[in-house]
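>>> Need coordinates for the below:
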Amino acid sequence: MTLSYQGFGHNRDTVVMNNNQVLIGEIKSMEYGILTVETDYSDSDFTVEWDKVKGLKTSSSFIIILTTKYRLKGTISHDMYNSEYLIITPVEGSKLFARIKDIVYLKSSENRFWDRISASVDGGYTITKSSNTNQLTINGNASYVSTKLQCEFYLSFLDSRVSDSTSSIITVRNNHGTNWRVFFNKSWFVLGATDFLQSDEQNLKIRTTLQLGMGKILLRNHQMYLNTAIGLASNTEKFQTDQEDDESLESFLQIDFNGFGFKDVDISSKFQLFPSLSKSKRLRYNYTFNIKYDLPLDLYLGVNLTLNYDNQPGEDISKYDYVFQSVFGWSF
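I've put the predicted structure just below:
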């Protein structure tokens, strides 16, 4: 069976499946083991599992990442002499030969900024009549990817209100920040990050953490990726009470994991450890865990866990602050 449309007005890419079916359209991306193709004969994009693809030919340039950690921009075509291999023609440099399973990421790169952006937003709202509780949570992130740069913005907002006939107890927790990775040699990258946390539970009017370090991609394939980083961090804290502002210098260890080799399910987690260099025996850590179940129309259901720990939080202040959420969201 061949799916084609001669009047297709955009870039025409060709995808050959293991069963010899041919899909012609515009490849948008391949991420987390799923290839997305826009066609002129369907109102919605086609999504295809990458391990069911045996051939590919592109008419436009893509950002391409390989299991060998190579990151490049170029086009892809069939190898006429060996059907198991593809030919990658970079914008700069010599041609490369790669198997389908060696390609772990594709993103359209026609010099359009918005082609390199991906984002998601989710949230939840809870009303409990017995305790007269209202809770709103909103989470979002956006990322930009090029051959040398990957940057991300994230935010998390929680507002919880417990009311009675005379008063209300309001608890707020806000967190937002950015991550920057500059790749310079296959799997090695320079990491920069900013993080801003407001937490009523830990008496934080604002905690500002600035990070600079070096990282390495340890593993990347069609089922998961794992990377780690180490470096230095500046920590500045302003408190809601009369406690004096605090500044400290810290080291950090960071581990990121994303597993997506399960049908319709994505799992991600991040662990950050901050041993203080300027305060004796102080130790902080942050941990996040997210699981998403994909629904039609780029929608998803999810569960999020966020945990912050500080072994020296101040007098009468909790060492822990955590948030557990069930959310409904949209990725785009």
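
>>> Sketch out the low-pLDDT regions of the stretch 51-200 of the chain for me.
110-112, 115, 129-131, 164-167 (pLDDT under 70).

>>> got the residue ranges for the strands in it?
Assigned strands in the stretch 51-200 of the chain, in chain order: 53-57, 62-66, 71-78, 85-90, 96-99, 103-108, 117-128, 133-145, 149-163, 168-185, 188-199 (criterion: DSSP state E, counting those that start in this stretch).

>>> Could you say which one of those strands comes nearest to Phe332?
Among the strands of the stretch 51-200 of the chain, strand 117-128 comes nearest to Phe332, with 5.8 Å by Cβ to Cβ. In short, each C-beta sits where N, CA and C put it, glycine included.

>>> so which of the strands of the stretch 51-200 of the chain comes closest to Ser331?
Closest approach to Ser331 among the strands of the stretch 51-200 of the chain is made by strand 117-128 (3.9 Å; Cβ to Cβ).

>>> Grab the nearest non-local neighbour of Leu66.
Asp102 (5.2 Å; Cβ to Cβ, 6 or more residues apart in numbering).

>>> Please identify the deepest-packed of the strands of the stretch 51-200 of the chain.
Ranked by mean neighbour count, these are led by strand 62-66 with a mean of 23 (mean count of other Cβ atoms under 10 Å).

>>> so what does it touch, helix or strand wise?
strand 71-78, strand 103-108 (3 or more Cβ pairs under 8 Å, 6 or more residues apart in numbering; DSSP states H and E).

>>> could I get those strands as a markdown table with distance to Phe183?
Formatted as a markdown table, these follow (distance: least, Cβ to Cβ, whole Å):
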| stretch | distance to Phe183 |
| --- | --- |
| strand 71-78 | 6 |
| strand 103-108 | 12 |
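
>>> separation between Tyr320 and Pro296?
38 Å (Cβ to Cβ, to the nearest Å).

>>> Which of those two has more residues huddled nearby?
Set Tyr320 next to Pro296 and count neighbours by other Cβ atoms under 10 Å: Tyr320 wins out with 11 against 7.

>>> what pLDDT does that one get?
pLDDT recorded at Tyr320 is 88.

>>> State the distance from it to Ser276.
Taken as Cβ to Cβ, the span from Tyr320 to Ser276 is 18 Å.

>>> Please look at Ser199 and Val323 and confirm they touch.
No: between Ser199 and Val323 there is no contact under Cβ atoms under 8 Å: 9.6 Å.

>>> Can you check which residues contact both of the two?
Arg173 (Cβ atoms under 8 Å, 6 or more residues apart in numbering).

>>> neighbours of Val48, just the number please.
17.

>>> Kindly report the same for Leu232.
If we define neighbours as other Cβ under 10 Å, then Leu232 has 13 of them.

>>> Identify the bridge partners of it.
Bridge pairing for Leu232 (DSSP bridges) gives the partners Leu212, Ser251.

>>> check contacts around it.
Here Leu232 is in contact with Gln211, Leu212, Gly213, Leu249, Glu250, Ser251, Phe252, Leu277 (Cβ under 8 Å, 6+ apart).

>>> give me the element the fourth one is part of.
Same thing as Leu249. Here Leu249, judged by DSSP states H and E, is contained in strand 246-262.

>>> Quick one: name whatever helix or strand follows that strand.
strand 265-275.

>>> related to what we said a few turns ago, want to throw the strands of the stretch 51-200 of the chain into TSV with distance to Arg12?
Formatted as TSV, the strands of the stretch 51-200 of the chain follow (distance: least, Cβ to Cβ, whole Å):
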stretch	distance to Arg12
strand 53-57	9
strand 62-66	14
strand 71-78	13
strand 85-90	17
strand 96-99	22
strand 103-108	13
strand 117-128	23
strand 133-145	24
strand 149-163	29
strand 168-185	30
strand 188-199	34
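
>>> right, and the ones you listed - which one's nearest Tyr225?
Nearest of the strands of the stretch 51-200 of the chain to Tyr225, taken as Cβ to Cβ: strand 103-108 at 7.9 Å.
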